[in-house]
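[1] Next comes the sequence, and after it the predicted model I'd like to discuss.
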Amino acid sequence: MFQVITEPVRRMWYHVDANSGSFDTLYVGQLVKALTGSDGVAPLGSASGAADTTTEAVPFGVVTGVNLRSPLHSTTSNSIYITSASPHANTTERITGLGQYSFAGETAAMVEVALIDEHSILKGDIRNGGINTAITVGTVTTASTSGAGFACSAGLCDFTPVDAICSVYCRSGANQGIYRITSDASAVTKTTDLYFPYDIALGDTFVGVPMRTVGRSFVQTDTESLYLNAGASPATDYWVAEIIELHLETPGQEYALFRFNGVHFIVTRS
């Protein structure tokens, strides 16, 4: 799920995309776009290519509400959702008079969107390929008396690491609570240029994510753009994000505070 935490937040109501009569489903907490060919707003989706140069989608906002009279809950997003349908056939399900495009008598499916730009700070949940799947915890199998790195049980990283743009966090052990950006390309053997302050022992536990603790990172969203995908490699398909804070302390509640890099608000990229 995503939230806009920069204040003040401007919110507007828009139609749910019904491109060529193919009606979409939108979820509260979802990143959306508003591109040519759409009848309103649609899921931002996953990035395609470096900095999404294939699709060149522009992040428009985050869904914060729907105009259903009786809200529906989705297990896909763990939130409220709305599915569009022909407004010609619907007269009672949806609330009207909500904004510029929702005057009395309008029966189309609509969502409230918190608008974003390159200055907006967002909170994004970090999940491993599923809204209810937490990132993997690895257990140290090769210790270190220098704090320069460690080897972990297979599966520490749910992604293929890239030097200098991924991070680890110590969940248990003498270094508990400490983050480090990693300087390796291994899912098992981790090294850091900034050493851990204390010895790393057998049985210590760590988690890893495909983003830095601060600054420019290459992140990916799932196909419905509901979370930051910890299972995606930062080497090929990604959004460019400026990480402000990384929070990996609580299992199943990991998240990042970030801004989309300004490149994503330029229509033509290379």
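    On my side now, so go ahead. Numbering: from 1, shown residues only.
[2] how deep is Thr75 tucked in, by neighbour count?
    Neighbour count for Thr75, taken as other Cβ atoms under 10 Å: 9. Quick note: C-beta positions are derived from backbone N, CA and C, even for glycine.
[3] any idea how far Ala232 is from it?
    22 Å (Cβ to Cβ, to the nearest Å).
[4] how much space is there between Ser217 and Ala134?
    With Cβ to Cβ as the criterion, Ser217 and Ala134 are 20 Å apart.
[5] just Ala174 next, same as before
    Ala174 is 24 Å from Ala134, by Cβ to Cβ.
[6] again with Leu44
    For Leu44, the distance to Ala134 - Cβ to Cβ - is 23 Å.
[7] Looking at these two now, which is surrounded by more residues?
    Remark: of Leu44 and Ala134, Leu44 carries more neighbours, 29 against 17, as counted by other Cβ under 10 Å.
[8] confidence score at that one?
    Looking at Leu44, its pLDDT reads 97.
[9] tell me the contacts of it?
    Gln30, Leu31, Val32, Lys33, Ala57, Pro59, Phe60, Thr221, Ser225 (Cβ atoms under 8 Å, 6 or more residues apart in numbering).
[10] Among those residues, name the ones in strands.
    Leu31, Val32, Lys33 (DSSP state E).
[11] Of the residues you listed, which is the most crowded?
    Neighbour-wise, these (other Cβ under 10 Å) top out at Val32, 28 neighbours.
[12] Mind listing the residues bridging to it?
    Going by DSSP bridges, Val32 is paired in beta bridges with Pro43, Gly61.
[13] In a strand, Val63, correct?
    Yes: according to DSSP: H, G, I helix; E, B strand; the rest coil, Val63 belongs to a strand.
[14] show me the contacts for it.
    Leu26, Tyr27, Val28, Gly29, Gln30, Val32, Val41, Val111, Glu112, Val113.
[15] Repeat the analysis, applying 6 Å as the threshold.
    When contacts are counted by Cβ atoms under 6 Å, 6 or more residues apart in numbering, Val63 touches Leu26, Val28, Gln30, Val111, Val113.
[16] Now the last one. Nearest residue, chain neighbours left out?
    In other words, Val113. The spatially closest residue to Val113, leaving aside those adjacent along the chain, is Gly61, at 3.9 Å (Cβ to Cβ, 6 or more residues apart in numbering).
[17] My understanding was that that neighbour contacts Glu112; is that so?
    No: look at Gly61 against Glu112 with Cβ atoms under 6 Å: they stay out of range, at 9.3 Å.
[18] Strands of the stretch 151-270 of the chain, start to end?
    With DSSP state E, counting those that start in this stretch as the criterion, the stretch 151-270 of the chain has strands at 167-172, 179-181, 189-191, 205-209, 215-219, 228-229, 239-247, 255-260.
[19] quick one, which of those strands is nearest to Phe103?
    strand 255-260 (32.2 Å; Cβ to Cβ).
[20] strands paired with the closest one, and their directions?
    Here, using DSSP bridges, strand 255-260 pairs with strand 122-127 (antiparallel), strand 239-247 (antiparallel).
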